[in-house]
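Participant: No letters, just coordinates:
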Ligand SMILES: [Mn+2]
């Protein structure tokens, strides 16, 4: 049995980017099929308007194909674990049931290959971006979600399109440092969870970082996005390594 865990995030799958989608289905049938567990740490989809993407007549065929690919993987014995990102935080019970995936809290702590690791999407670490953190609080509230999901799928998609366009302008006007993680927020996660390894995505700045936390050397891996070439982090007894396609 394979002893490998694979970690991906920020695939941003969408009908608009067929190359990334092809890469995804190839990755699921190839590398992921040989792993023991696949962790998807958020922003699997470019956006997610609601689980009726799977069932509505106006639903997204890509959403159904992605769920089916996960289901095949899960049925073959590879665990599939999914965390919400800032784009697909509305992925819900129906998608989980269709895909055979388990939902992970953000943050989550896992044990693998003798290590305790913190898994996060990464947006909660970007504490310098005050506007975003305020929006996150709103969008993650049960009240906002209930109201949003009560409208028709096509209407929700239109709202999201508007939000995406607005957010592009806002992001373009922000200094790059604000869009990266805050060092203090990173140290607080290490301290609070009492571990020395962290994996997250979101910032689209794949790298391995070291942090000194109360005299201990801690390691933080940032996953690549799939807007460019894409890739993943593989973890086994040898240790973690970033793989680009
Ligand atoms: Mn993200």
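Facilitator: It's in. All values derive from a computational prediction rather than experimental measurement.
Participant: use CA for all of it now, contacts and neighbours both
Facilitator: OK.
Participant: At the contact with the ion, which residues of this protein appear?
Facilitator: The chain comes close to the ion at residues 86, 202, as judged by CA under 5 Å from the ion.
Participant: so where's the chain shaky on pLDDT?
Facilitator: For the chain, the stretches flagged by pLDDT under 70 are 1-2.
Participant: now residue 32: how far from residue 24?
Facilitator: Counting by CA to CA, to the nearest Å, the separation of residue 32 from residue 24 is 10 Å.
Participant: which of the two has more neighbours?
Facilitator: Between residue 32 and residue 24, residue 32 has the larger neighbour count (other CA atoms under 10 Å), namely 24 against 21.
Participant: got the contact list for the more buried one?
Facilitator: Residues counted as contacts of residue 32 (CA atoms under 8 Å, 6 or more residues apart in numbering) are 6, 38, 73, 78.
Participant: any idea which of those is the one closest to residue 58?
Facilitator: Distances from residue 58 to these, taken as CA to CA, are shortest for residue 73 (26.3 Å).
Participant: Mind listing residues that contact whichever strand or helix holds residue 7?
Facilitator: For residue 7, the host element (DSSP states H and E) is strand 5-8. Residues outside strand 5-8 that contact it (CA under 8 Å, 6+ apart): 32, 35-41, 112, 201, 223-224, 231-236.
Participant: give me that answer again for 7 Å
Facilitator: Outside strand 5-8, the residues that touch it by CA atoms under 7 Å, 6 or more residues apart in numbering are 35-41, 223, 232-236.
Participant: what's the next secondary structure element after it?
Facilitator: Next along from strand 5-8, by DSSP H and E: helix 18-29.
Participant: for this protein, which residue is closest to the average position?
Facilitator: When CA atoms, centre = their mean is applied to the chain, the residue found nearest the centroid is residue 42 (1.3 Å).
Participant: what's the spacing between whichever residue of the chain sits closest to the ion and residue 87?
Facilitator: Distances between the chain and the ion by CA to the ion are smallest at residue 202, namely 3.7 Å. Taking CA to CA as the measure, residue 202 falls 10 Å from residue 87.
Participant: between these two, which one's more packed in?
Facilitator: Neighbours per residue (other CA under 10 Å) separate residue 202 from residue 87, with residue 202 holding more: 28 against 20.
Participant: pull the longest helix from this structure.
Facilitator: helix 153-172 (DSSP state H).
Participant: residues in contact with that one?
Facilitator: Contacts for helix 153-172 (CA under 7 Å, 6+ apart): residue 49.
Participant: Please apply the same query to stretch 13-22.
Facilitator: So stretch 13-22 is contacted by 44-46, 62, 226 (CA under 7 Å, 6+ apart).
Participant: could you show me where the strands are in this protein, in order?
Facilitator: 5-8, 37-41, 79-83, 102-104, 108-112, 115-120, 197-200, 207-213, 216-222, 231-236, 239-244 (DSSP state E).
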